[in-house]
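# got a structure for you, letters missing:
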């Protein structure tokens, strides 16, 4: 399963280009889509689910061009978890998933087996009799993810699936997605870098509707190799001076003052202690999203 | 089917529909048994328009539309039809005790028509009314993709047809011609034309539903 996006532009009625001349090649496995809020990730996903029609450009899924004649076939291959969804509040978790399975055309017996498995994998087995309206935000999110997985789609599109999940549950969901992505394509959109660092080898970084980077995670990490420093500063004032000069990917108070994670081509000189450290995907993301797109 | 019933018939909808019939039987005074059907037709139409307005719109309001739209087109239409069937069956069923509640006012017969016959005619008219206004509600709300705008337009239509002007303009072809027909003219079945209009227009909307869901869904 592969998706090819060529020169895709989505223009809203108010004239805003939510997706601006995007080119992407998405192959098998988990493909991460990273970007700040309003970067255009959800719009791009809505095009891929056939909900939005682009103003320009084309999308090809497994040699199938996105057009009215192919929509039925394309839709049958997709599982989707939207960013905001309120599943049937009067149904229990089990009923809701069975209903969604029926709608997706999954055979009843097979559907029940899958529900059983996914409820177990997402720690929801004990909550299966609860009404949807009684669930917490994180639980609803997990039920939403199960409904997307139920039809065993070739292309799974998930928009911020880990929102509202506790750290332990987040890890479980990531593992589930990694396992699911074998022989399939998962498009994983998030602004939580940690989720992508743990799951995918390919990603794209979006900002203001444009792709700033698309490719290998390792290659993206190379951009910030030898550019990340851990600096200790004494005061907030010193930290602010550093923020003006360099990119800061994290800031923490310590017993000796403040510790900053600084991304800079040269070693910062204004602090009392500054040592190089290994770059993370978060550092690379900060670097990429604040640099001119043309250099990548 | 059970899941569909739980989806389209939440407790609040059942409660307000029952309360509607109780209040209607208390505030709408009648003298003759023949008047019960006349008193019920237009209010039931309004109730149906509001009751069925969220049949498809609920998918849009809750953000489920994007998942719903990934399903097979035929399945989407069948779901909408099934939801409508359930709601219409419920409204017709609840109209029965609604009809009987008017007997608190001790009406007496105007003509020679049997009570059972009057009851049968009224329920049949209510059935056709529920069908027409239910289809109308889903069609208008889906076209506008907004429940409240849909209800607003239906209200205007309802007021237009349920008025003296509507009666004068459309006569026996008015969808509320039954409510406007005169008592004591047992041989006058002109109001059946209005019922026929409801059935034909309702059937057209049934046929249009898949197209509307595909285009405006």
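Received the coordinates, thanks. Everything numeric here is computed off the predicted structure, so don't read it as measured data.

# Just the local confidence number for the residue of the stretch 51-200 of chain A at minimum distance from chain B, please.
Nearest residue of the stretch 51-200 of chain A to chain B: residue A:86, at 4.0 Å (C-beta to the nearest C-beta). C-beta coordinates here come from the backbone N, C-alpha and C atoms, glycine included. On pLDDT, residue A:86 comes in at 85.

# The one 10 residues further on now?
Among the per-residue scores, residue A:96 shows a pLDDT of 93.

# check contacts around it.
Neighbouring residues of residue A:96 by C-beta atoms under 8 Å, 6 or more residues apart in numbering or on different chains: A:87-88, A:132, A:143, A:147.

# What's the local residue count around residue A:227?
As a burial measure, residue A:227 scores 19 neighbours (other C-beta atoms under 10 Å in any protein chain shown).

# Relative to chain B, how far out is it?
40 Å (C-beta to the nearest C-beta, to the nearest Å).

# I'd guessed that residue sits against residue A:264; true?
Yes. If you go by C-beta atoms under 8 Å, residue A:227 and residue A:264 touch, sitting 6.2 Å apart.

# ok, and residue A:285, which helix or strand is that part of?
According to DSSP states H and E, residue A:285 maps onto helix A:281-290.

# if we can go back for a sec, quick one: contacts for the residue of the stretch 51-200 of chain A closest to chain B?
Counting by C-beta under 8 Å, 6+ apart, residue A:86 has contacts A:140, B:62-64.

# ok, which stretches of chain B are helices?
B:2-8, B:11-27, B:35-51, B:54-61, B:65-68, B:73-101, B:115-144, B:147-161, B:164-170, B:177-180, B:191-216 (DSSP state H).

# Those helices: which one's closest to residue A:202?
helix B:65-68 (24.5 Å; C-beta to C-beta).

# and the closest one, is it in reach of chain A?
Yes. Residues of helix B:65-68 are located near chain A by C-beta under 8 Å from any C-beta of the partner chain, namely B:66-68.

# give me phi/psi at whatever residue of chain B ends up closest to chain A?
Proximity of chain B to chain A (C-beta to the nearest C-beta) peaks at residue B:62, 4.0 Å away. Dihedral pair for residue B:62: phi -90, psi 0, per degrees, to the nearest 10.

# So it is in contact with residue A:82, correct?
No. Contact criterion C-beta under 8 Å: residue B:62 and residue A:82 do not qualify, at 10.3 Å.

# Give me every residue in chain B lying close to chain A.
So far as C-beta under 8 Å from any C-beta goes, chain B lies against chain A at B:2-3, B:6-7, B:10, B:62-64, B:66-73, B:75, B:79.

# Buried residues, stretch A:173-189. List them.
A:173-174, A:176-177, A:180-181, A:184-189 (16 or more other C-beta atoms under 10 Å in any protein chain shown).

# which residue is nearest the centroid of chain B?
Nearest to the mean C-alpha position of chain B, by C-alpha atoms, centre = their mean, lies residue B:130 at 2.5 Å.

# check contacts around that residue.
When contacts are counted by C-beta under 8 Å, 6+ apart, residue B:130 touches B:44-45, B:48, B:88, B:91-92, B:95.

# Let me know the closest of these to residue A:200.
residue B:88 (49.2 Å).

# what sits against that closest one?
B:48, B:52, B:127, B:130-131, B:134.

# try 6 Å this time
B:130, B:134 (C-beta atoms under 6 Å, 6 or more residues apart in numbering or on different chains).

# pLDDT on the helix holding residue A:285, on average?
86.

# If we go by neighbour counts, what in that helix is buried?
A:281-289.

# Need those residues in TSV (columns: distance to residue A:155).
Shown next, in TSV, are the buried residues of helix A:281-290 (distance: C-beta to C-beta, whole Å):
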residue	distance to residue A:155
A:281	24
A:282	27
A:283	30
A:284	26
A:285	24
A:286	30
A:287	30
A:288	26
A:289	26
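
# how's chain A carved up into domains?
A:3-217, A:226-278 (automatic domain parsing).

# Just say which of those is most tucked in.
Across those, averaging neighbours per residue (mean count of other C-beta atoms under 10 Å in any protein chain shown) puts domain A:3-217 on top, at a mean of 18.

# Please state the offset of it from the chain centre?
Counting by C-alpha atoms, centre = their mean, to the nearest Å, domain A:3-217 is centred 9 Å from the centre of its parent chain.

# check contacts around residue A:71.
By C-beta under 6 Å, 6+ apart, the neighbours of residue A:71 are residue A:50.

# Give me the mean pLDDT for the helix or strand hosting it.
Using DSSP H and E, the element containing residue A:71 is helix A:71-76. Regarding helix A:71-76, the rounded mean pLDDT is 89.

# Which helix or strand lies directly C-terminal to that helix?
Defined by DSSP H and E, the subsequent element after helix A:71-76 is strand A:78-81.

# Show me what that following strand is packed against.
helix A:137-150, strand A:155-159 (3 or more C-beta pairs under 6 Å, 6 or more residues apart in numbering or on different chains; DSSP states H and E).

# and residue B:180, which of these is closest to it?
helix A:137-150 (49.5 Å).

# If you average the pLDDT over that closest one, what comes out?
Rounded mean pLDDT across helix A:137-150 is 90.

# Name the residues linked to residue A:214 by a beta bridge.
Taking DSSP bridges as the rule, residue A:214 bridges to residue A:204.

# interface residues of the stretch 1-150 of chain A facing chain B?
A:51, A:75, A:78, A:80, A:82, A:84-86, A:88, A:90-91, A:95, A:99, A:103 (C-beta under 6 Å from any C-beta of the partner chain).

# Tell me the secondary structure at residue A:21.
The three-state label given to residue A:21 by DSSP: H, G, I helix; E, B strand; the rest coil is strand.

# so what's the residue of chain B closest to chain A closest to, chain neighbours aside?
residue A:86 (4.0 Å; C-beta to C-beta, 6 or more residues apart in numbering or on different chains).

# distance of that neighbour from residue A:133?
According to C-beta to C-beta, to the nearest Å, residue A:86 stands 9 Å off from residue A:133.

# so what's residue A:39 up against?
Applying C-beta under 6 Å, 6+ apart to residue A:39 gives the contacts A:206-207.

# I should have written residue A:97 there, sorry.
By C-beta under 6 Å, 6+ apart, the contact list for residue A:97 reads A:115, A:146.

# Just the angle for the host helix or strand of it relative to helix A:137-150, thanks.
Assigned by DSSP H and E, residue A:97 belongs to helix A:93-104. On the basis of axes from the mean of the first three to the mean of the last three C-alpha atoms, to 10 degrees, helix A:93-104 is oriented at 30 degrees to helix A:137-150.
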